[in-house]
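[1] Fold the following.
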Amino acid sequence: MRARRLSAVALAFVLALAVFAATRGDERAAAGPPAAAAASLRPDADTDAQVRRLQTAVRRGAPLEAELAAAYLQKARESGDPSFYSRADGVLRRALARGPADPAELVEAATLAAGRHDFREAERLARRARSLAPDSLGAFPILVDALVELGRYREAERTLQRMVDLKPNLPAYARVSYFRELTGDLPGAVQALRLAIAAGGPVPENVAYVQSLLGSLELNRGRITPARRAYAAALAAVPGYAPAEAGRARLAARSGDLRGAISRWRRIVERLPLPEYVIALGEAELAAGRRADGQRDLMLVQAQEKLLASAGVNTDVELAIYEADHGDRDRAVTVAREAWAQAPSVRAADALGWALTRAGRSADGLRWARRALRLGSLDPTFRYHAGIAAGDTPEGRRNLRLALKHGLDAYPLHANRARAALEDR
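    Numbering: from 1, shown residues only. Have a look, this model is predicted:
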């Protein structure tokens, strides 16, 4: 079954926190966020075995560098260890330096570039792969992702439609879902994710990630029971899977169980201290009045950002928002401007708008917040940022109410601030 034609839905998509980046060729493509946010708490034994087998084969001279790089990138998704990006980089550099260029190696190099948030390089490599193998589908997912992150939404829509027409599989449907989500079509986004789950993936983690995304969408729609079921399905497929465990923590927060949410976040962070999870833990503690604990935990974020940077991962959007909320607000503006210059997407517009707002420049912040919302997104953090920037106006109140309606309670610190702002107006 094909998704309905994109032109009937909207004009843009893709990230997340949640941006889709990791792909593995025509049959092995899988949706996932670029900075390893789809990591698992437990390494997948099958992937470990595959890595060892391919390492041995490559050492013996087998031309399997693309496959080994793909296994390293899958391992990065499963473990959250950014050093696997560096390993994939080394393998691909050696392979491409030998020449002639191989389309499969170029696709993996494009995947790595997208994983590091270098979307201009990802587009260049994906287009080069397509020029060498026009009939191959391998470059389509990364090309779509790169175009989205570069803010070229109409071109991305056309490319995605072509991808869906050629092969409506998990990576295609996952990107259709994100396209719809960014345009505010949450029911359509859910429909596409269900099609992605039905299509299946080559490894359990791929489907578990999409099931986790489904849980988050249902949570944002206020559908608690379907969200709980989706997270349970992901955990049944991959026990201890971090995105699903994180979803359960947000579910607890939205249900008012802040103590339970903190406990869940703590267990995740103790085993996988990715910035996304550390920030969620710290902010939940701040919301609960545990200021010392929250500040101590938030101090871990910059150390983790440095680890990602050492692996070549650009986290400017995430870092800008973190600095705006918890650090140096002037630095937040600088970092957000750099993020916009590198990849002018709605995510970057939101980050810049929020940085400006928190730096005391609400009028400028609102202009960028409106740019972030120009596709119609109902993302609760986008709406919250726009609502604060707009101040005591009908626009501001409407956006804060939309933020609370569509899942801001899963971010308790900001939900508290949104309610306080509404009470003051």
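
[2] quick one, helices of the stretch 1-150 of the chain?
    Assigned helices in the stretch 1-150 of the chain, in chain order: 25-28, 45-59, 65-79, 83-98, 103-115, 119-132, 140-149 (criterion: DSSP state H, counting those that start in this stretch).

[3] List the contacts of the residue sitting furthest away from the middle of the chain.
    Distance from the C-alpha centroid of the chain peaks at Arg60, with 36.7 Å (C-alpha atoms, centre = their mean). If a contact means C-beta atoms under 8 Å, 6 or more residues apart in numbering, then Arg60 has no contacts. Where C-beta positions appear, they are placed from N, C-alpha and C, glycine not excepted.

[4] Quick check: it vs Leu54, distance?
    11 Å (C-beta to C-beta, to the nearest Å).

[5] Arg271 now?
    Arg271 is 26 Å from Leu54, by C-beta to C-beta.

[6] For these two, work out which one has more neighbours and name it.
    Leu54 (21 against 15; other C-beta atoms under 10 Å).

[7] Pretty sure that one sits against Ala71.
    Yes. Between Leu54 and Ala71 there is a contact under C-beta atoms under 8 Å: 5.6 Å.

[8] would you list every one of the helices in the stretch 301-425 of the chain?
    Going by DSSP H, counting those that start in this stretch, the stretch 301-425 of the chain shows helices at 316-326, 329-342, 346-358, 362-372, 380-390, 394-405, 412-424.

[9] just those: most buried one?
    helix 346-358 (a mean of 27; mean count of other C-beta atoms under 10 Å).

[10] average model confidence for that helix?
    Here helix 346-358 scores 98 as its mean pLDDT.

[11] Give the burial count for Arg291, as a bare number.
    10.

[12] How about the contacts made by it?
    With C-beta under 8 Å, 6+ apart, Arg291 has these contacts: Glu285.

[13] From Asp297, how far out is it?
    11 Å.

[14] what is in contact with these two at once?
    What both Arg291 and Asp297 touch, as defined by C-beta under 8 Å, 6+ apart, is the set Glu285.

[15] mind pulling up the phi and psi values for His406?
    Backbone torsions of His406, given as degrees, to the nearest 10, read phi -110, psi 30.

[16] Phe382 is in contact with that one, correct?
    No. Under the contact definition of C-beta under 8 Å, His406 does not touch Phe382, with a separation of 9.7 Å.

[17] Within the helices and strands, which one has Ser263?
    Take DSSP states H and E as the rule and Ser263 turns out to sit in helix 258-271.

[18] Report the buried residues of that helix.
    For helix 258-271, the neighbour count (16 or more other C-beta atoms under 10 Å) marks Leu258, Gly260, Ala261, Ile262, Arg264, Trp265, Arg266, Arg267, Ile268, Val269 as buried.

[19] Quick one: distance of it to the chain centre.
    Relative to the chain's own centre, helix 258-271 is displaced by 20 Å; criterion: C-alpha atoms, centre = their mean, to the nearest Å.

[20] What helices and strands are in contact with it?
    The contact analysis (3 or more C-beta pairs under 8 Å, 6 or more residues apart in numbering; DSSP states H and E) places helix 258-271 against helix 242-254, helix 275-287.

[21] The first one packs against which elements?
    Packed against helix 242-254, as judged by 3+ C-beta pairs under 8 Å, 6+ apart, are the following elements: helix 204-220, helix 224-237, helix 258-271, helix 275-287.

[22] 10 Å - rerun?
    In terms of contacts (3 or more C-beta pairs under 10 Å, 6 or more residues apart in numbering; DSSP states H and E), helix 242-254 is packed against helix 204-220, helix 224-237, helix 258-271, helix 275-287, helix 412-424.

[23] Right, I'll call it a day here.
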